[in-house]
Every structure is written in C-alpha cells, then in structure tokens.
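Participant: give the three-dimensional model of this entry:
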Amino acid sequence: MSIDARIAEKRNWRDGAEQGDRIPRDGRSARAVRTRQAVVDALLSLIEDGELRPTSKAIAERAGVSERTIFQHFEDLEVLFSAAAERMGEGIVRNLGVIASDGPLDDRVSDYLDELVFLHESMTPIRRASRLHEPFSPVIRCALGVWRANLRRGIERVFAIELERWTDEARRRTAVEALALLVTWSSWENMRTNSQLTCDEARRVMELGIRAVLAGPMDARAT
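Facilitator: Below is the predicted model:
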C-alpha cells in the first residue's frame with residue numbers, strides 16, 4: 001500500500017479524538033460540550049481548506065452558531081486555536097501510542113515512520129497556521145511545546161533498546177535531540193515544500209537519518 005493510501009486510510013483521526021471526549025449526562029452540559037466540539041471542528045475544517053487565519057465570523061458560519069456563542073465557550077480566538085491544537089494532538093498521540101517498544105528494529109522503524117508520516121501530513125494545515133501565530137501567542141507556544149515534548153517521549157519509548165547503548169546521559173540526550181531534529185514537522189515541511197519531495201522520498205530521508213543515529217553510540221572520543 002502506498003503512503004498516500006495509508007494516510008487516506010487513517011483520516012478518521014478526528015473521529016477517534018471525538019469518541020474520547022466525555023459527553024456529560026446532564027442535557028445542558030452535553031449541549032455545551034457538543035457546541036465546543038462543533039466550533040473546534042469548524043476551525044480545523046477552515047484551516048484544512050487553506051484559511052490559515054480564519055475570522056470568528058467564518059468559524060461561526062462553518063459551525064452553524066453565532067459569533068457570540070463562540071466567545072461564550074472560548075475566551076478568545078487564541079484559546080480556541082489552542083483547543084483545536086489539543087484536539088488534533090490527542091488524536092495523533094493516540095495513533096502513535098500503538099507502536100511497539102520491543103521487537104526487531106526494522107519493524108519498529110517501519111511502524112514509527114508510518115505513523116510519523118501520517119502525523120505530519122495530518123498536522124500540516126494547522127502547523128502552518130500555528131506558525132503564523134506562535135511568535136505572538138503564549139498559549140499556542142505552550143501547546144506546541146507539549147507536542148514537541150510528546151515527540152521526544154515517543155522517540156525514547158520506541159527506540160529505548162537502542163538508546164540504552166548510550167551509558168552517558170548527556171550523549172544519550174544528544175542522540176534523542178538528533179532524532180527529534182530529524183523527525184520534527186519542520187524538517188518534514190522543508191522536504192515536502194522546499195525540496196518538493198514526495199511522501200515516499202521524504203520518508204526514506206528520515207529513515208536514513210534515524211538508522212544512522214541508532215547505529216551505535218557516538219565515538220568515545222566525542223565531547
């Protein structure tokens with residue numbers, strides 16, 4: 001199956017995230033949760049359609065609510081944007097969490113890259129939008145910081161066997177940072193947009209880098 005086909009097969013990530021949301025039994029509270037979900041989904045939908053800085057009016061129209069309703073549930077658009085990032089992040093982390101942390105390295109690298117490609121292709125619209133807001137938004141910077149921390153934790157879990165070869169903590173941390181640099185969305189975006197690589201080509205670049213870092217501990221003479 002091609003990468004594009006695998007990505008299409010996984011496009012239900014948002015449905016999975018919604019199923020994880022707890023809907024209160026109380027009718028009024030349940031309506032409030034559903035309204036929040038609708039507004040968040042409207043924002044994500046607009047971003048995916050290329051509207052990187054959608055207005056509250058456009059979000060309200062897409063969600064089928066009034067602008068006033070949006071601000072009854074979200075303090076401002078920055079808070080709404082953060083909620084949308086969190087919604088997407090929950091669905092993505094759920095997919096990454098199924099990767100085994102043991103077994104043959106070839107299998108783990110393949111599974112990790114399958115999920116990573118899906119993650120990056122799925123998050124590209126909202127990451128492009130968040131890149132515009134991040135320098136001016138502490139809330140968004142915080143949300144993206146959580147994403148990056150989760151990425152590092154995923155690396156440490158999936159490749160724990162190989163990373164244990166680094167007995168020196170500082171060098172092990174350097175290896176994790178090298179892997180994080182290779183697999184970050186910014187690297188993916190650079191390959192896909194600036195270098196105009198296909199998903200398969202960009203995936204092979206990441207695989208080459210991951211295998212090179214995991215091949216063994218850094219030279220003992222390194223400082």
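Participant: against residue 60, how distant is residue 49?
Facilitator: Distance, residue 49 to residue 60, using Cβ to Cβ, to the nearest Å: 16 Å. In this view, the C-beta of every residue, glycine as well, is placed from N, C-alpha and C.
Participant: revised request: answer the last question for residue 77.
Facilitator: Taken as Cβ to Cβ, the span from residue 77 to residue 60 is 11 Å.
Participant: now do residue 212
Facilitator: From residue 212 to residue 60 the distance is 49 Å (Cβ to Cβ).
Participant: neighbour count: residue 49 and residue 60, which is higher?
Facilitator: Comparing residue 49 with residue 60 by other Cβ atoms under 10 Å, the one with more neighbours is residue 60, at 19 against 12.
Participant: can you pull the buried residues of the helix or strand hosting that one?
Facilitator: Using DSSP states H and E, the element containing residue 60 is helix 56-63. Under the neighbour-count criterion of 16 or more other Cβ atoms under 10 Å, helix 56-63 has 56, 58-60, 62-63 buried.
Participant: ok, and for stretch 152-163, which residues are buried?
Facilitator: Applying a neighbour-count criterion of 16+ other Cβ under 10 Å, one finds 152, 154-156, 158-159, 162-163 buried in stretch 152-163.
Participant: for stretch 193-200, same thing?
Facilitator: The neighbour-count check on stretch 193-200 (16+ other Cβ under 10 Å) flags 197, 199 as buried.
Participant: what is the mean pLDDT for that stretch?
Facilitator: Averaged over stretch 193-200, pLDDT sits at 95.
Participant: hey, where'd the helices end up in the protein?
Facilitator: Secondary structure of the chain (DSSP state H): helices at 3-9, 13-20, 27-48, 56-63, 67-73, 77-96, 105-133, 138-158, 160-163, 169-183, 185-189, 199-214.
Participant: restricting to C-alpha, output the shortest one in PDB.
Facilitator: This file holds the C-alpha atoms of helix 160-163, laid out as PDB (Å, rounded to 0.1, in the frame of the first residue of the first chain):
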ATOM      1  CA  ALA A 160      14.600   2.600  24.100                       C
ATOM      2  CA  ILE A 161      16.600  -0.600  23.300                       C
ATOM      3  CA  GLU A 162      19.000   1.200  21.000                       C
ATOM      4  CA  LEU A 163      19.300   4.400  23.200                       C
END
